[in-house]
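Asker: Below is the structure, and that's it, no one-letter string:
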């Protein structure tokens with residue numbers, strides 16, 4: 001969705017053919033489109049399956065809001081939410097859908113375990129440390145499997161090569177993009 005021009009991110013023109021992205025672009029009436037670029041970066045970092053911000057799990061929205069939108073309490077409006085949903089759907093395969101669901105489940109487990117702790121005065125009969133430590137070991141195994149699955153999903157993306165060694169972009173359907181086959185003829 002972005003390219004770098006002299007070290008500055010620019011929105012690729014083809015992204016603006018997607019109505020949800022174009023709405024964000026068009027509502028920014030400024031000449032430099034700085035707000036639209038930030039909002040589309042927010043969409044990218046929130047929705048891309050290989051986003052660098054995925055490491056933050058349940059804190060991802062806060063981190064992207066803080067670092068990209070410069071507001072840790074940033075709440076995306078409906079246009080941004082629609083663009084995120086569209087971006088996610090445009091890159092989704094069965095493997096990615098599975099990975100997303102597993103990530104969400106593990107994130108919720110991590111949040112749950114993060115809040116569990118035995119405090120003085122708690123009912124010791126209701127606290128089962130053995131069950132908790134077993135569950136934490138299970139989560140560790142799940143996290144390792146997620147990392148392996150992420151590599152598999154990235155491998156799907158790497159398999160999509162075009163003539164000349166380039167990568168098929170997120171907006172290009174290799175079956176419908178006949179120009180890729182015909183451009184060298």
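Answerer: Done, it's in. Keep in mind that what you see is a predicted model, and the values were worked out from it rather than measured.

Asker: how about the helix or strand where residue 90 lies: buried residues?
Answerer: Secondary structure from DSSP states H and E places residue 90 in helix 78-91. Going by neighbour count (16 or more other Cβ atoms under 10 Å), the buried part of helix 78-91 is 79, 80, 82, 83, 84, 87, 88. Placement of C-beta: from N, CA and C, glycine included.

Asker: Now do the same for that helix: mean pLDDT, whole number.
Answerer: Computed over helix 78-91, the mean pLDDT rounds to 94.

Asker: how does this structure divide up, domain by domain?
Answerer: The record's domain parsing of the chain by automatic domain parsing lists 1-90, 92-173.

Asker: Would you tell me which one of the ones you listed is buried the most?
Answerer: domain 1-90 (a mean of 15; mean count of other Cβ atoms under 10 Å).

Asker: least reliable of the domains of the chain going by mean pLDDT?
Answerer: Per-segment mean pLDDT for the domains of the chain reaches its minimum on domain 92-173, at a mean of 70.

Asker: Show me which pair in the buried residues of helix 78-91 is furthest apart.
Answerer: Spatial extent of these (Cβ to Cβ) is set by the pair 79 and 88 at 15.2 Å.

Asker: thinking again about what came up before, can you tell me which of the buried residues of helix 78-91 lies closest to residue 65?
Answerer: The nearest member of those to residue 65, counting by Cβ to Cβ, is residue 80 at 10.9 Å.

Asker: just checking, what packs against the longest helix along the chain?
Answerer: Ranked by number of residues, the top helix in the chain under DSSP state H is helix 129-158. Applying 3 or more Cβ pairs under 8 Å, 6 or more residues apart in numbering; DSSP states H and E, one finds that helix 129-158 contacts helix 94-115.

Asker: Please find the angle between the direction vectors of the helix it packs on and helix 78-91.
Answerer: For helix 94-115 against helix 78-91, the angle by axes from the mean of the first three to the mean of the last three Cα atoms, to 10 degrees is 120 degrees.
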